[in-house]
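>>> Need coordinates for the following:
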Amino acid sequence: MTFTAIDFETATGHHPCSVGIVTVENGIIVDEFVTLIKPPKNEYNPFTIRVHGIYPKDTINAKTFVQVYPEIEKRLKNRVVVAHNESFDRNVLMKSMMLYGLQYEDLNIAEKWECTVKIYKAKGFKPTKLSDCCREMKIQLNHHEALSDARACAKLYMLR
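Residues are numbered from 1 along each chain as shown. This next block holds a predicted model:
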């Protein structure tokens, strides 16, 4: 039970405005990291603002992805990575890295991550949204807050 759970909130498409990362060692949460990220041109889609409540005014002075990346890298490199709907978070990471000329292969992580959506779907859960899985498993969640989502994902993975 040693892995890292990650969750991105996005401003537009694949441009993150927040990341939460939870590190688990031998079944115990040993590190939590969360930060806002200034998306390119600090642009947001109104729909994403309604989802997570993060506004351009919140990230105007935040670090960019490339400035936050060293913190992400040290928590993901050589690790098993877990996300709820992993393809979404993996694509946010890969496309953001590509935008700044960073090499995904340098992280030495799996091409596809562990996915709690797939795990809980296989267990017969319907629907498998993070909020639904957490309600069923009695895990506290402040949905669409990156650290809360990453922590909940980590707990779901440990309870699988």
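>>> what residue ranges in the protein score low on pLDDT?
Within the chain, no stretch falls below the threshold (pLDDT under 70).
>>> residue at max distance from the center of it?
What lies farthest from the middle of the chain is G124; by CA atoms, centre = their mean that is 23.7 Å.
>>> what about that one, helix or strand, and which?
Taking DSSP states H and E as the definition, one finds G124 inside no helix or strand.
>>> How about D149?
helix 146-158.
>>> got the buried residues for that helix?
Neighbour counts using 16 or more other CB atoms under 10 Å place 146-157 of helix 146-158 among the buried residues. C-betas here are computed from N, CA, C, even on glycine.
>>> Give me the nearest residue to C115, chain neighbours excluded.
Nearest residue to C115 in three dimensions, chain neighbours excluded: E86, at 3.9 Å (CB to CB, 6 or more residues apart in numbering).
>>> check contacts around that neighbour.
Neighbour list for E86: 112-115, 117-118 [criterion: CB atoms under 8 Å, 6 or more residues apart in numbering].
>>> Any figure for the gap between it and I6?
9 Å (CB to CB, to the nearest Å).
>>> can you give me the helices in this structure?
46-52, 56-59, 65-76, 86-99, 116-122, 130-137, 146-158 (DSSP state H).
>>> got a list of contacts for stretch 69-82?
The contact list for stretch 69-82 (CB under 8 Å, 6+ apart) reads 2-6, 19, 21, 23, 31, 33, 35, 90, 93, 97, 100, 102, 106-110, 113-116, 153-154, 157.
>>> give me every residue that touches I6.
Residues near I6 by CB under 8 Å, 6+ apart: 19-22, 72, 75-76, 81-83, 89, 93, 150, 153.
>>> do the same with T2
24-26, 79-80.
>>> now N26
1-2.
>>> Give me the phi and psi angles of it.
The phi and psi torsions at N26 (degrees, to the nearest 10) take the values phi 50, psi 40.
>>> For it, give its distance to I119.
For N26, the distance to I119 equals 20 Å [CB to CB].
>>> next one: K155
In terms of CB to CB, K155 sits 12 Å off from I119.
>>> That'll do, ta.
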